[in-house]
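**Q** Here is a sequence together with a model predicted from it:
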Amino acid sequence: MLTPSQRDLSIACRRLVLAAALSAAFSSISFAQANEQSLPPLVVSTSRFTGDPAFSPIGATVITADDIRQAGAGNANEAIRRIGGVYARFNLNGTQDYSLDLRGFGSFADQNTVVMIDGIRLSQNEQIPALLSSIPIESIERIEILRGGGSVLYGEGATGGIIHIITKRAEANVLRGTLVGEVGSYNTRELRASVAKGWEGFSFDADASAQRTDNYRDNNAVRQDDINAAAQWFSTEGRFGLRVNSGRQTSRLPGSLTWAQFQSNPRQATTPNDFGSLDSDRVTAFAERRMDAFDFAAELSHQEKVSRSFYAAFGGYNANVNSRVTQFSPRLRHLSTGADWKNEFVAGLDFARWQRNTVASFGGFPSSNATASQKSRALYLRDEIRVGKARVSLGGRHEIFDKAFADPLGFGTTRYDQSHDLNAWELQGNYAAMPGMDVYAKFGQSYRVANVDDNSATPVPNLPLQPQISHDTELGVSYGNAQRKITFRVFRHELRNEIFFDPTKFANVNLDPTRREGFEVEGWLRLMSTLSFSAHLQHISAKFTEGSNAGREMVLVPRNTATLRLQWEPAKQHSVNLGLQWVDSQRYGGDFTNSCAVRIPAFTTLDARYAYQAGPWEFAIAGTNLTGKDYFTNAFGACQSAIYPDPGRQLKLSARFNF
């Protein structure tokens with residue numbers, strides 16, 4: 001007997017299978033050429049298409065599958081933090097979906113960073129992080145991190161940047177697979193399996209994982225299961241297929257601590273009876289087609305999530321939240337060339353429809369029966385030309401949002417209906433000043449709209465927040481080659497109506513004008529074939545520029561962060577990977593007035609991994625926070641309160657078999 005959620009998913013699957021079939025019929029892909037069945041090798045993508053090297057993203061950080069394997073990252077979120085040098089805050093429910101913070105947006109970093117997987121947006125209209133832990137790590141080809149505004153191609157919420165995950169493509173006549181088993185501290189166990197098989201013009205792949213852990217803190221056990229599968233038909237002219245992703249996650253919730261409690265025992269729980277769960281199912285149909293100088297691509301995706309939570313305080317708060325989102329993203333690209341120039345023109349449409357139903361009770365009495373929806377439709381155009389040593393691109397986006405909310409049982413906001421017409425633009429340029437050296441500049445406007453959770457608690461009930469607008473500037477220079485490379489960039493984001501939580505009003509508000517500015521340095525050095533270093537350094541000044549708080553610092557933004565990694569192969573079959581991260585002090589989350597005499601302390605952590613390769617087998621021992629540092633990255637109170645400790649020292653043993 002199918003549950004309502006399962007019936008909806010089944011219907012969505014049938015619809016998407018039909019859509020994939022129609023896309024296939026439309027594309028008329030030929031599979032007659034049996035000796036040309038594999039697609040061209042992938043390069044860095046841009047413009048939401050597989051990229052021509054001439055148009056690789058300006059100023060991007062790329063993490064490859066080899067980087068992930070050598071560092072021993074168990075999921076995409078961990079790879080972005082450890083290898084990409086992205087600062088992150090520990091997840092309050094103890095899962096591996098840390099809050100990734102590009103460009104210093106504090107507790108609202110998730111809503112200012114867009115996360116994509118193969119052209120599908122994972123970031124949604126809620127105050128929760130994208131579920132990167134559900135993406136099988138063995139399926140990832142690379143991860144691209146584009147810091148700074150990117151609303152033209154990726155829509156709202158891209159002021160901090162974009163994280164795009166690209167999975168491995170089909171290969172003809174290839175069978176590959178992986179089995180991974182891990183055990184570690186705090187009763188951690190994980191098992192992952194993946195397999196991919198390619199034939200002439202058809203491939204199938206599947207991944208499954210199961211994780212169990214008690215976690216560092218009391219009452220913080222997490223259980224997570226994920227399964228993913230995809231089938232696709234391909235040729236040199238294009239591909240089409242269907243992908244299914246399903247995840248189940250449950251977690252106990254330990255609650256926050258005061259400074260005294262943290263000093264006494266950071267592992268203790270203050271909410272021993274709280275817990276939550278999240279079920280997620282996504283089906284995606286995709287198609288690509290090449291016709292002479294034109295490329296056509298589209299994705300149609302439907303996702304459903306069911307979230308349940310229970311908080312024991314004040315008699316018990318019980319909530320059941322059902323949400324669903326459907327996205328459709330057709331686009332085209334035209335490539336043209338001349339004697340000394342190349343041009344890329346991209347045009348696309350983005351359609352999304354999101355709905356959510358929330359039923360909640362407080363102390364056994366109904367407290368919420370809310371419905372929320374958001375529809376968006378966008379048109380974007382972007383043109384980039386490369387002439388000799390110079391590249392220039394210009395793009396624009398127009399997007400319309402329709403939002404509605406109703407809760408007859410609500411105590412504050414009970415109803416609103418609002419629409420927005422927003423525009424984004426960008427102008428970028430790059431010049432190869434000398435062999436191995438590029439200088440670039442990026443200017444643009446990005447935006448973010450308040451989501452349903454932002455608008456649930458505003459200063460004036462039933463009055464939603466205004467869109468956030470940012471004017472973005474970045475200047476950079478990159479010099480080097482495959483053996484050594486350094487990139488330096490300076491940036492500034494001037495924000496109006498920034499959407500943030502104001503603890504002095506206990507509400508989400510549109511802030512007075514704010515600014516993020518600073519610089520970033522990325523470096524890579526290979527001293528010899530067996531020894532290499534990488535480093536990331538970021539300095540951010542995040543302040544109010546006008547209003548009653550002018551000159552005061554934004555909260556939960558460390559002024560400086562630094563990451564250093566070493567990859568060493570001391571002998572054949574042996575490898576060592578070391579990582580060191582330092583995070584500067586920062587204001588407590590509730591210290592808007594900057595009146596607290598102390599700050600969240602700075603900290604340094606060390607992680608390491610040793611691996612031994614024996615044929616198809618790899619055995620490894622890895623550790624995080626090896627110095628056993630007691631520290632925290634989340635503290636929402638005004639001063640030394642509402643602290644959520646990060647994990648202490650953890651060790652892990654793993655065995656991997658590749659075939």
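**A** Nice, I can see it.
**Q** same for the helix or strand hosting H164, what does it pack against?
**A** For H164, the enclosing helix or strand under DSSP states H and E is strand 161-167. Strand 161-167 sits against strand 113-117, strand 140-147, with contacts defined as 3 or more Cβ pairs under 8 Å, 6 or more residues apart in numbering; DSSP states H and E. Quick note: C-beta positions are derived from backbone N, CA and C, even for glycine.
**Q** among those, which is nearest R103?
**A** Of all the helices and strands packed on strand 161-167, strand 140-147 sits nearest to R103, with 6.4 Å by Cβ to Cβ.
**Q** tell me the helices in the protein, going along the chain?
**A** Here the chain has its helices, by DSSP state H, at 4-27, 65-71, 76-82, 151-154, 259-264.
**Q** The third one: how far from the chain's middle?
**A** Mean C-alpha position of helix 76-82 versus that of the full chain (Cα atoms, centre = their mean, to the nearest Å) differs by 10 Å.
**Q** Tell me which residues of it come out buried.
**A** By 16 or more other Cβ atoms under 10 Å, the buried positions in helix 76-82 come out as A76, N77, E78, A79, I80, R81, R82.
**Q** ends of stretch 250-263, how far apart?
**A** End-to-end distance of stretch 250-263 (Cα to Cα, to the nearest Å): 28 Å.
**Q** residues in contact with stretch 105-112?
**A** Contact partners of stretch 105-112, identified using Cβ atoms under 8 Å, 6 or more residues apart in numbering, comprise 89, 99-103, 113, 123, 127-130, 157-160, 448, 451, 454, 499-501, 516, 542, 554-557, 589, 634, 636.
**Q** Quick one: end-to-end distance for it.
**A** By Cα to Cα, one end of stretch 105-112 lies 7 Å from the other end.
**Q** before we move on, the earlier item: among the contacts of stretch 105-112, which are in strands?
**A** Counting by DSSP state E, the part of the contacts of stretch 105-112 found in strands is R89, S99, L100, T113, R448, I499, F500, F501, R516, A542, N634.
**Q** Would you reformat these as a markdown table and include pLDDT and distance to A620?
**A** Converted to a markdown table, those look like this (pLDDT from 0 to 100; distance: Cβ to Cβ, whole Å):
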| residue | pLDDT | distance to A620 |
| --- | --- | --- |
| R89 | 94 | 27 |
| S99 | 93 | 27 |
| L100 | 94 | 25 |
| T113 | 95 | 30 |
| R448 | 97 | 40 |
| I499 | 97 | 42 |
| F500 | 96 | 41 |
| F501 | 92 | 41 |
| R516 | 98 | 38 |
| A542 | 98 | 38 |
| N634 | 94 | 29 |
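**Q** what sits against the nearest residue to I227 once chain neighbours are set aside?
**A** The shortest distance from I227 to any non-neighbouring residue, by Cβ to Cβ, 6 or more residues apart in numbering, is to A208 (4.7 Å). Residues near A208 by Cβ under 8 Å, 6+ apart: R192, A193, S194, D225, D226, I227, N228.
**Q** May I ask which two of those are separated the most?
**A** Spanning the widest gap among these are S194 and D225, at 14.7 Å by Cβ to Cβ.
**Q** When the two are compared, which one has more neighbours?
**A** S194 (21 against 15; other Cβ atoms under 10 Å).
**Q** Would you mind confirming that that one is in contact with L175?
**A** No. S194 is beyond contact range of L175, at 11.8 Å (criterion: Cβ atoms under 8 Å).
**Q** Any regions of the stretch 1-150 of the chain where pLDDT drops low?
**A** For the stretch 1-150 of the chain, residues meeting the criterion pLDDT under 70 lie at 1-46, 51-54.
**Q** P330: neighbour count?
**A** Neighbour count for P330, taken as other Cβ under 10 Å: 16.
**Q** So it versus E288, what's the distance?
**A** P330 sits 11 Å away from E288, taking Cβ to Cβ, to the nearest Å as the criterion.
**Q** and for the two, which residues touch both?
**A** Shared contacts of P330 and E288 (Cβ under 8 Å, 6+ apart): F296, A297.
**Q** wait, what's in contact with the nearest residue to L531 once chain neighbours are set aside?
**A** Excluding the flanking residues, the one nearest L531 by Cβ to Cβ, 6+ apart is W568, at 5.2 Å. In this structure, W568 makes contact with T530, L531, S575, V576, N577, L578, judged by Cβ under 8 Å, 6+ apart.
**Q** so the last one sits right up against Y610, yeah?
**A** No. Between L578 and Y610 there is no contact, the gap being 9.7 Å when judged by Cβ under 8 Å.
**Q** how far away is S307 from Q211?
**A** Distance of S307 to Q211, given as Cβ to Cβ: 19 Å.
**Q** no no, T284
**A** T284 sits 23 Å away from Q211, taking Cβ to Cβ as the criterion.
**Q** With V509 instead?
**A** 38 Å.
**Q** what does R386 give?
**A** The value you get for R386 to Q211, if Cβ to Cβ is used, is 45 Å.
**Q** what does F296 give?
**A** 39 Å.
**Q** Neighbour count for the two, which is higher?
**A** Remark: of F296 and Q211, Q211 carries more neighbours, 21 against 18, as counted by other Cβ under 10 Å.
**Q** Quick one: residues contacting R656.
**A** Listed by Cβ under 8 Å, 6+ apart, the contact set of R656 reads T178, L179, V180, W617, E618, F619, A620.
**Q** can we see that at 7 Å?
**A** Shown in contact with R656 (Cβ atoms under 7 Å, 6 or more residues apart in numbering): T178, V180, W617, E618.
**Q** Now intersect these with the strands, please.
**A** Secondary structure assignment by DSSP E places T178, V180, W617, E618 of those in strands.
**Q** Give me the nearest residue to the residue nearest to the spatial centre of the chain, chain neighbours excluded.
**A** Residue closest to the mean C-alpha point of the chain, counted by Cα atoms, centre = their mean, is V115 at 3.7 Å. Distances taken as Cβ to Cβ, 6+ apart place A130 nearest to V115, at 3.8 Å, with adjacent residues excluded.
**Q** Verify the contact between the one you found and V114 for me.
**A** No. The criterion here is Cβ atoms under 7 Å, and A130 misses it with V114 at 8.6 Å.
**Q** Look at these two and report which has more neighbours.
**A** Between A130 and V114, counted using other Cβ under 10 Å, the more crowded position is V114 (28 against 24).
**Q** where's that one relative to V387, distance?
**A** Distance of V114 to V387, given as Cβ to Cβ: 30 Å.
**Q** Pretty sure G148 sits against K442.
**A** Yes. Assessed by Cβ under 7 Å, G148 is found in contact with K442 at 6.3 Å.
**Q** Overlap of the contact sets of the two?
**A** Contacts common to G148 and K442, judged by Cβ under 7 Å, 6+ apart, are E474.
**Q** Tell me which of these two has more neighbours.
**A** Ranked by neighbour count (other Cβ under 10 Å), G148 and K442 place G148 first, with 28 against 24.
**Q** ok, R212 - contacts?
**A** R189, R223.
**Q** can you pull the pLDDT of the closest residue to R243 other than its chain neighbours?
**A** Excluding the flanking residues, the one nearest R243 by Cβ to Cβ, 6+ apart is A230, at 4.0 Å. Per-residue confidence (pLDDT) for A230: 95.
**Q** Just want to check the distance between A230 and D97.
**A** As for A230, its distance to D97 is 22 Å (criterion: Cβ to Cβ).
**Q** and T473, what pLDDT?
**A** What the model reports for T473 is a pLDDT of 98.
**Q** surely it meets A441?
**A** No. Contact criterion Cβ under 7 Å: T473 and A441 do not qualify, at 8.1 Å.
**Q** how close does I469 get to W425?
**A** Distance of I469 to W425, given as Cβ to Cβ: 12 Å.
**Q** meant to ask about S529, not that
**A** Distance, S529 to W425, using Cβ to Cβ: 45 Å.
**Q** quick one: which of the two has more around it?
**A** Each of S529 and W425 had its neighbours counted (other Cβ under 10 Å), and the higher figure belongs to W425 (16 against 8).
**Q** how about the closest residue to the more buried one other than its chain neighbours, what does it touch?
**A** Once flanking residues are discounted, W425 sits nearest to G396: 4.7 Å by Cβ to Cβ, 6+ apart. Contacts for G396 (Cβ under 7 Å, 6+ apart) come out as V152, Y380, L381, N423, A424, W425.
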